[in-house]
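1. Sequence and predicted model, in that order:
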Amino acid sequence: MDDELFVWGSTLNDDDDGWRKGPWIPQEDKLLIDHVNLHGEGKWNSVSKLTGLRRSGKSCRLRWVNYLRPDLKKGNITPQEELIIQELHAMWGNRWSAIARSLPGRTDNEIKNYWRTHFKKSKPSKSVEKARARFLVRQQQHRQNKKKKDGSVVQQQEEEEDMQRYGDQDIGDVMNKQVEETARAEEVQMEMAYMDCVLRPYGGFDGGCGSDDGSSEEYVLWEGLWNLDD
DNA sequence: AAGGAGGTCAACCGCTAGAGT
DNA sequence: AACTCTAGCGGTTGACCTCCT
């Protein structure tokens, strides 16, 4: 290898604190990999002490997460992954780490770079808009169905449950709590349902939405999803 | 062949949240 | 409660590469 290039005492690229900066060399990678194999991930600030590697903990973590992790997927983003990125970005915006969690083997950095180079200048794709529209229509349908089904009996049951839960607390506080809980539950439910719309063709996320033909099986699946918070 | 423009991607920076003291 | 430390996040930078003129 190029051992002669690796000079431990070198001040080349050192910052004010004495940390090396700039591109990593294979020897540094090896030290970091050995360290993680031995001690596991985390405690990044101890890497320099234990290995002699003159890199900050932050730099070590980034190198591991974005480049050295064994479960990383090498190679180009596939068309399927591209579609997922587009649609999740339409839903979540620049939450790269959240998007990355939906794409095993891909890093937030990778997705962020990919987005910036491929999509930043372009308008939202039609598929994204279609998925969004599908999702909103189904949500509205579900709410209407639920209204029809749920009668005063259900309402009474809910009131009794509330009495048990909240007892003699201030009614204003209780209502505020309920509004917050409902909003949170709906937010989670919407994200899960939308995720399923997007990921189903690729084998992700269980339950949810099928094709646009409005079949009864599809209806049952959607009902199941909407009922998550029932 | 030279060099300028634009694209790609690894790495850094600054900030924030959460845990620990 | 206040402070410090650490991990993680998104934005930005800069080196390198490829393509075009």
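-> Ah, there it is. Numbering: from 1, shown residues only, chains lettered A, B, ... in the order given.
2. Name all residues that make contact with the spatially closest residue to residue A:105 that is not a sequence neighbour.
-> In space, and not counting its chain neighbours, residue A:105 is closest to residue A:73: 3.0 Å by CB to CB, 6 or more residues apart in numbering. (Each C-beta comes from the backbone N, C-alpha and C, glycine too.) Applying CB atoms under 8 Å, 6 or more residues apart in numbering to residue A:73 gives the contacts A:104-106.
3. What of residue A:111?
-> Here residue A:111 is in contact with A:85, A:96, A:99-100, A:103 (CB under 8 Å, 6+ apart).
4. From DNA strand C, how far off is it?
-> As judged by CB to the nearest atom of the strand, to the nearest Å, residue A:111 and DNA strand C stand 9 Å apart.
5. For PyMOL, what selects the buried ones among the contacts of residue A:73?
-> A single PyMOL command suffices to select whichever of those are buried according to 16 or more other CB atoms under 10 Å:
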select buried, chain A and resi 106
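6. Can you lay out the contacts of residue A:73 as CSV showing secondary structure and pLDDT?
-> CSV is the format used below for the contacts of residue A:73 (DSSP: H, G, I helix; E, B strand; the rest coil; pLDDT from 0 to 100):
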residue, secondary structure, pLDDT
A:104, coil, 85
A:105, coil, 87
A:106, coil, 90
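7. quick one on the thing from earlier: wait, a strand at the residue nearest to residue A:105?
-> No - assessed by DSSP: H, G, I helix; E, B strand; the rest coil, residue A:73 does not belong to a strand; its assignment is coil.
8. where does it sit relative to DNA strand C, distance-wise?
-> Residue A:73 sits at a distance of 17 Å from DNA strand C (criterion: CB to the nearest atom of the strand).
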